[in-house]
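Asks: turn this into a structure:
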Amino acid sequence: MRAIFVDFDGVLHPAGGPAGACLPFEWISDLAAVLCTHPSIRIVVHSSWRLTYPDDDLREFLSALDGFEIDIVGPGKKCHAITEYLSVHPEIDSSLVLDDDSNEFPAEFPLQVVVCDPATGISSQSVQRQMTAWLNHL
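Replies: Next up is the predicted model:
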């Protein structure tokens, strides 16, 4: 089993800027397009939204990813929450993290982190190439 840990702000829609300047989750179709030939990937939310919204709401926000298993890490700093999640899910043998803030992850963090430009997130061809390379690596 493989998992992609996904942030929201700066990954699935632009971060910052004036309120209402972007559509929430406007790039979710980009994520779906990259993942379309890899339906066995688990999507795990590590966004700070998990601290505000119930799990059912988070899953609903990602309803465009129909067919993918959606899960959510627990509370705490992102790097610790991801590490804890992996410790209780030994079935996951490969993981990728998508985030727009490299400062959330120390240099010794054991997973590959794809750092997105907060203005372009996953819509960036560079980010999509990095994801595709990870997905195609067996």
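Asks: residues in contact with stretch 24-39?
Replies: For stretch 24-39, contacts defined as CB atoms under 8 Å, 6 or more residues apart in numbering pick out 2, 4, 6, 8, 11-14, 41, 61-62, 64-65, 67-68, 121-123, 128, 131-132, 135. Every C-beta, even on glycine, is put in place using the N, C-alpha and C of the backbone.
Asks: check contacts around Glu84.
Replies: Glu84 neighbours (CB under 8 Å, 6+ apart): 73-74, 76.
Asks: look up how far Ser124 lies from it.
Replies: Note on Glu84: its distance to Ser124, by CB to CB, to the nearest Å, is 29 Å.
Asks: and Cys36, by the same measure?
Replies: As defined by CB to CB, Cys36 lies at a distance of 18 Å from Ser124.
Asks: same check on Gly74?
Replies: Note on Gly74: its distance to Ser124, by CB to CB, is 29 Å.
Asks: go on, Asp99?
Replies: On the measure of CB to CB, Asp99 and Ser124 end up 13 Å apart.
Asks: what touches both of those two?
Replies: Residues touching both Asp99 and Ser124 (CB under 8 Å, 6+ apart) are Cys116.
Asks: if we can go back for a sec, among Cys36 and Ser124, which residue is more densely surrounded?
Replies: Neighbour count, other CB atoms under 10 Å: between Cys36 and Ser124, Ser124 has more, with 16 against 9.
Asks: for that one, which non-adjacent residue is closest in space?
Replies: Among residues not flanking Ser124 along the chain, Asp117 sits closest, at 6.1 Å (CB to CB, 6 or more residues apart in numbering).
Asks: identify the residues contacting the longest helix anywhere in the chain?
Replies: Assignment by DSSP state H gives helix 125-136 as the longest helix of the chain. Residues outside helix 125-136 that contact it (CB under 8 Å, 6+ apart): 2, 4, 30, 34-35, 37-38, 41, 94, 96, 98, 112, 114, 116, 120-122.
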